[in-house]
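[1] okay, sequence plus prediction incoming.
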Amino acid sequence: MRHIGRKMAGLLLAATTMGAAMIAPVASAADDAWPSRTMRVVVPYPAGGSADLLGRLVAKKVNEAYPDSRVIVENLSGGATIIGAASVLNDKSDGHTLFMASDNTLNINHWLLKNPGYDGDKDFTPVTVLNNYPHWLIVKDNSKFKKFEDFVEYIRANPGKASISVNTIGGSAYLALDHWQRVNNLDFLIIPYRGSPPAVTDLIGGQTDAHIDVVGSSAMHARSGKVRPLAVLQSTPLAEFPQAETQSYDDPKALTVRANLSVVVRTGTPQAVIDKLYAVLKEGVKDKDFVQALDSFNYSAVMLEPAKAREFVHEETARYGKLVAESGLEKQ
């Protein structure tokens, strides 16, 4: 038979329509049932830091929106955030597990680690880019460098003598500093540390000339007068530290650091659930407690919608890939 009779075609169309009608309510019911069990917010850093505080606020806002659901925070630190990532990927793709993901998690580990165990671009789907991580270049308070350009001129006049520390090798600050050094043909030492506290301690003690840090990690030392910011490494000035110079994103030779914290879920999570989570967080960051938390670290809310957040993550992965390749760092 080379064609289907009208009656048979009608029956097939009716059956197809019935099948679609039967499938649609099932999917809708599954979305409507969310959340149906305890939810987790996984923070791949120790308790007490800014990512932990924001993770707890995310948990609080979700719990307020869905009071019948229990939302817990788990701090699974270590392994360049891989331990936390593995825990999220071992759970179901149903929106009950949220992950506070950094640039290292989503964009950098892929280029620096031979086997991170996941692909940040493919295995995670962003709910939103939550906030930025502003960085600055700081010196000890009695440093002879009063302006950013003073420090640059000293580096040029004294090749190989100046030292700038960063919190880790291969992180966003290290890669930005390495790029700035090369494009400006500058000769200075990049000193990696294991975190901000020892790096700032050595800066204050005079062991290094300058340090690039997340503003929220060393703002207390700036407030107490132990360190002084020479430049905020972004285009937007800081309201709390208006005296600090800024660096332009539009200048390819400027020293800028772009780092962000995102809320992501395992890929495969229903879009309807992702949209619900985004709606909760979009409203949540307007609340007084969230605003105060962001202000205390000099962070700014970004709150990209899911589709734009996904595009941004792809773009950042490509950007970091280029920086890693230029740096000469090999996969470990």
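    Looks like it arrived, so ask away. Numbering: from 1, shown residues only.
[2] SS state for the residue nearest the centre of the chain?
    The chain has L261 as the residue nearest its centroid, 2.6 Å off, counting by C-alpha atoms, centre = their mean. At L261 the chain is in strand, as set by DSSP: H, G, I helix; E, B strand; the rest coil.
[3] show me the contacts for it.
    Contact analysis of L261 by C-beta atoms under 8 Å, 6 or more residues apart in numbering lists A51, L54, M100, A101, S102, V129, L130, N131, N132, Y133. C-beta coordinates here come from the backbone N, C-alpha and C atoms, glycine included.
[4] look up phi and psi at the third one.
    In this entry, M100 is assigned phi and psi values of phi -90, psi 100 (degrees, to the nearest 10).
[5] from I164, how far off is A219?
    A219 is 19 Å from I164, where distance means C-beta to C-beta, to the nearest Å.
[6] measure how far the longest strand seen in the chain is from the centre of its chain, please.
    Longest strand in the chain, counting residues (DSSP state E): strand 124-132. Taking C-alpha atoms, centre = their mean, to the nearest Å, one finds the center of strand 124-132 at 7 Å from the center of the full chain.
[7] so after it, what's the next helix or strand?
    Beyond strand 124-132 on the C-terminal side, the first helix or strand identified by DSSP states H and E is strand 135-140.
[8] what distance do you get for the residue nearest to the centre of the chain to F312?
    The gap separating L261 from F312 is 13 Å, by C-beta to C-beta.
[9] okay, and the common contacts of those two?
    V129.
[10] returning to that earlier point: could I get the contacts of L261 as a markdown table with distance to S172 and pLDDT?
    Shown next, in a markdown table, are the contacts of L261 (distance: C-beta to C-beta, whole Å; pLDDT from 0 to 100):
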| residue | distance to S172 | pLDDT |
| --- | --- | --- |
| A51 | 14 | 92 |
| L54 | 17 | 96 |
| M100 | 16 | 98 |
| A101 | 13 | 97 |
| S102 | 8 | 95 |
| V129 | 14 | 98 |
| L130 | 16 | 97 |
| N131 | 14 | 96 |
| N132 | 11 | 94 |
| Y133 | 8 | 91 |
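[11] among the residues you listed, the buried ones, what's the PyMOL command?
    The command below creates a PyMOL selection of those among the contacts of L261 that count as buried (16 or more other C-beta atoms under 10 Å):
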select buried, resi 51+54+100+101+102+129+130+131+132+133
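[12] out of the contacts of L261, flag the one nearest to I108.
    S102 (8.5 Å; C-beta to C-beta).
[13] tell me how far the closest one lies from D94.
    From S102 to D94 the distance is 24 Å (C-beta to C-beta).
[14] so what's V214 bridging to?
    Beta-bridge partners of V214, counted by DSSP bridges, are H135.
[15] isn't it up against L137?
    No. Contact criterion C-beta atoms under 8 Å: V214 and L137 do not qualify, at 12.0 Å.
[16] ok, now which ones touch the residue lying closest to K122 once chain neighbours are set aside?
    Distances taken as C-beta to C-beta, 6 or more residues apart in numbering place T267 nearest to K122, at 6.5 Å, with adjacent residues excluded. Contact analysis of T267 by C-beta under 8 Å, 6+ apart lists S93, K122, D123, F124, T125.
[17] about what we covered before: show me what the longest strand of the chain packs onto, helices and strands only.
    If contacts are counted by 3 or more C-beta pairs under 8 Å, 6 or more residues apart in numbering; DSSP states H and E, strand 124-132 sits against helix 50-65, strand 97-101, strand 260-266, helix 271-284, helix 306-327.
[18] returning to what we had before: single out whichever of the contacts of T267 has the smallest pLDDT.
    Comparing pLDDT over these, the lowest score belongs to K122 (93).
[19] what about it, helix or strand, and which?
    Per DSSP H and E: helix 120-123 holds K122.
[20] okay, and the beta partners of the closest residue to V302 other than its chain neighbours?
    Of all residues not flanking V302 in the chain, V129 sits nearest, at 4.6 Å (C-beta to C-beta, 6+ apart). As for beta bridges, V129 partners with S262 under DSSP bridges.
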